[in-house]
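Visitor: I'd like to go over a predicted model; first the sequence, then the structure.
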Amino acid sequence: MSTLFAFATGAAISTMICGVLLLIERERLHSRLARAERDRRFLSLAENVGSVATWIVDNRTGKVTWSDRVFDIHGRDKAAGPPDIADAIDYYHPDDRERVQDTINKALETGSPFLLDARIIDEQGVEKSVVSRGICNVGHDGSVEEVFGVFFEISASRSFAVSGTEDLNTLALQHDCHVPA
């Protein structure tokens, strides 16, 4: 009987310990979720105040994620979902597409940040000047996992990539993000 009692006691203690560990982990998860939701709200507020949009390209899956503001700039119905990367690049003016594609390819291959000043043609046929800055999330193995960017519409007279400032801004972004050149 004492062996059965010891087994039952051990099982009960193990169950209690597992329960406590699960409660602790659940609290940690709730805390992380609350912080993520707070960060999402802050990002949404910053996008609205600054008229800045955000996007992500997951290099592992090819999935593109657009914020509501990116949909607005492109005149695309949010219910249609974001396009794949090739179709997203097709929004760019035909004269800018190759440069945009080269910039994105370089970021995906090297993990380097970028500043891109180009034109898009929205779904209503309106040409818009836009600026996009991006950084890469590089995995432990050195491969680019994601490209995260900000995107905003600018007036034709306010270009951020004129007179060599593209190189200066990219260097500043590399320094800010500690990305090797």
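Guide: In hand now; what should we look at?

Visitor: what does the average pLDDT come to for the lengthiest helix in the chain?
Guide: Longest helix in the chain by number of residues (criterion: DSSP state H): helix 2-50. For helix 2-50, mean pLDDT rounds to 76.

Visitor: so how far is it from its chain's centroid?
Guide: 26 Å (CA atoms, centre = their mean, to the nearest Å).

Visitor: and it, what does it pack against?
Guide: strand 53-58, helix 68-74 (3 or more CB pairs under 8 Å, 6 or more residues apart in numbering; DSSP states H and E). C-betas here are computed from N, CA, C, even on glycine.

Visitor: which element follows the shortest one toward the C-terminus?
Guide: Heading C-terminal from strand 53-58, the first helix or strand you meet, by DSSP states H and E, is strand 64-66.

Visitor: which residues sit against the helix or strand that contains Phe148?
Guide: Element membership of Phe148 [criterion: DSSP H and E] is strand 144-154. Residues external to strand 144-154 that are found in contact with it (CB atoms under 8 Å, 6 or more residues apart in numbering): 50-60, 69-70, 73, 104, 107-111, 128-139, 160.

Visitor: buried ones from the residues you listed, can you make that a ChimeraX selection?
Guide: Entered in ChimeraX, the line below selects the buried ones among the contacts of strand 144-154, by 16 or more other CB atoms under 10 Å:
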select :52,53,54,55,56,57,59,69,70,73,104,107,108,111,128,129,130,131,132,133,134,135,136,138
